[in-house]
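Asker: kindly return the folded structure for what I paste below:
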Amino acid sequence: MADLDPQAQRDVSMYLDVAVNAATEIELQVAVARMPGLDFSDELSITLNGNTIVPDEIISDSGNRIHWIHAEPGNLYVQYRARVHGQADPAGVGRFDPSLYLRPSRYAEADKFFGFAAGQFDTTASPADQLVAVTDFVRQRISYIFGASDPIDGAADTLMSGAGVCRDFAHLVVALLRALGIPARLVAVYAPGLSPMDFHAVAEALIDDRWVVVDATGLAPRQSLVRIATGRDAADTAFLDNHGGDVVLNSYQVSAVVSGDLPLDDHAEQVQLR
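Answerer: Okay, the predicted model is just below:
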């Protein structure tokens with residue numbers, strides 16, 4: 001494994017084209033999370049029918065930045081770009097985290113996996129070894145197939161179908177870890193090296209009082225990931241949410257690159273998302 005150069009620069013950007021068919025409240029989570037020690041500059045532009053909208057920014061305890069707007073019917077365009085300098089401090093462990101991230105959630109329904117996990121994995125192994133076993137199991141059991149899953153599928157659906165995309169891999173990892181008594185959560189990220197490029201989802205597990213990032217898809221080096229949003233599952237980290245109206249996502253584009261060479265990741269070592 002080769003670490004990311006501490007001086008490396010990461011450039012990320014995204015573009016959304018959204019049709020608003022009925023007035024709605026929209027929440028965007030596309031901005032780089034505000035994490036201790038992270039130095040970055042960014043710019044967010046939102047226009048509706050050619051008119052600039054200034055969003056309200058809400059920052060969660062995890063550093064998520066939700067940008068809220070009220071949108072009347074029309075054409076909504078969102079552009080975001082950020083330049084990240086260096087690395088953030090490792091994510092801290094809140095006092096409530098071990099409780100919150102053991103609980104079953106909408107897409108990581110850990111309570112459905114208690115019996116399965118106890119029979120599939122060595123429950124006497126250390127949490128670090130169980131993390132490796134779970135990640136390997138999901139990587140070997142699930143095929144990455146775009147369009148194979150539905151946006152409302154949970155971890156149980158993914159296990160039964162045997163296929164999905166990054167969020168499905170992450171949800172299954174999270175659900176299995178929670179079923180084994182290991183706090184786990186989902187993180188939405190920008191992922192330099194990902195192909196095809198898109199928003200990406202990975203899991204974080206609480207191992208020895210450290211948040212360790214795992215990616216059962218193996219599609220991008222973990223060392224260069226840029227945190228966008230952290231939560232129980234995709235319900236907490238969606239890049240676009242609307243409440244009370246009608247929207248259609250016409251198109252979107254995502255870009256994420258790192259200066260110099262991409263780090264090498266053998267996915268066997270513990271890595272913290274920075």
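Asker: for the stretch 151-274 of the chain, just list every one of the helices.
Answerer: Assigned helices in the stretch 151-274 of the chain, in chain order: 155-161, 166-179, 234-237 (criterion: DSSP state H, counting those that start in this stretch).
Asker: make CSV from the ones you listed and add mean neighbour count, distance to residue 108 and mean pLDDT to it.
Answerer: The way it works is simple: take the backbone N, C-alpha and C, and place the C-beta from them, glycine included. Listed next are the helices of the stretch 151-274 of the chain as CSV, based on neighbours: other CB atoms under 10 Å; distance: least, CB to CB, whole Å; pLDDT from 0 to 100:
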stretch, mean neighbour count, distance to residue 108, mean pLDDT
helix 155-161, 19, 5, 97
helix 166-179, 29, 4, 98
helix 234-237, 20, 9, 97
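Asker: low-confidence ranges in the stretch 1-150 of the chain?
Answerer: The stretch 1-150 of the chain contains residues with pLDDT under 70 at 1.
Asker: go again using 80 as the cut-off
Answerer: 1-7 (pLDDT under 80).
Asker: since we're on the closest residue in space to residue 197 that isn't next to it in sequence, how many residues are nearby?
Answerer: Spatial nearest neighbour of residue 197, chain neighbours left out: residue 254 (5.4 Å); criterion: CB to CB, 6 or more residues apart in numbering. Counted with other CB atoms under 10 Å, the neighbours of residue 254 add up to 20.
Asker: next up, the contacts around residue 254.
Answerer: Contact analysis of residue 254 by CB atoms under 8 Å, 6 or more residues apart in numbering lists 12, 13, 14, 190, 197, 198, 199.
Asker: show residues contacting stretch 110-123.
Answerer: With CB under 8 Å, 6+ apart as the test, stretch 110-123 has contacts from 102-104, 129-130, 133-134, 137, 155-156, 159, 174-176, 178-180.
Asker: which stretch of helix or strand covers residue 133?
Answerer: For residue 133, the enclosing helix or strand under DSSP states H and E is helix 127-141.
Asker: gap between residue 218 and residue 167?
Answerer: Residue 218 sits 15 Å away from residue 167, going by CB to CB, to the nearest Å.
Asker: please apply the same query to residue 238.
Answerer: Residue 238 sits at a distance of 10 Å from residue 167 (criterion: CB to CB).
Asker: circling back: from residue 219, how far off is the residue nearest to residue 197?
Answerer: For residue 254, the distance to residue 219 equals 13 Å [CB to CB].
Asker: okay, now residue 223: neighbour count?
Answerer: 25.
Asker: nope, residue 126 is what I was after
Answerer: Neighbours around residue 126, by other CB under 10 Å: 11.
Asker: same check, this time on residue 98
Answerer: Neighbours of residue 98 using other CB under 10 Å come to 14.
Asker: all strands for the stretch 1-150 of the chain, in order.
Answerer: Remark: strands assigned in the stretch 1-150 of the chain by DSSP state E, counting those that start in this stretch are 9-22, 24-28, 39-48, 51-52, 56-59, 65-71, 74-85, 143-144.
Asker: so which of those strands gets nearest residue 267?
Answerer: Taking CB to CB, strand 143-144 is the member of the strands of the stretch 1-150 of the chain nearest to residue 267, at 14.3 Å.
Asker: show me what the helix holding residue 133 is packed up against.
Answerer: In terms of contacts (3 or more CB pairs under 8 Å, 6 or more residues apart in numbering; DSSP states H and E), helix 127-141 is packed against helix 166-179, strand 200-207, strand 210-214.
Asker: and those: which comes nearest residue 29?
Answerer: Nearest of the helices and strands packed on helix 127-141 to residue 29, taken as CB to CB: strand 200-207 at 12.0 Å.
Asker: partners of the closest one, with directions?
Answerer: strand 184-190 (antiparallel), strand 210-214 (antiparallel) (DSSP bridges).
Asker: what comes up buried for it?
Answerer: Applying a neighbour-count criterion of 16 or more other CB atoms under 10 Å, one finds 200, 201, 202, 203, 204, 205, 206, 207 buried in strand 200-207.
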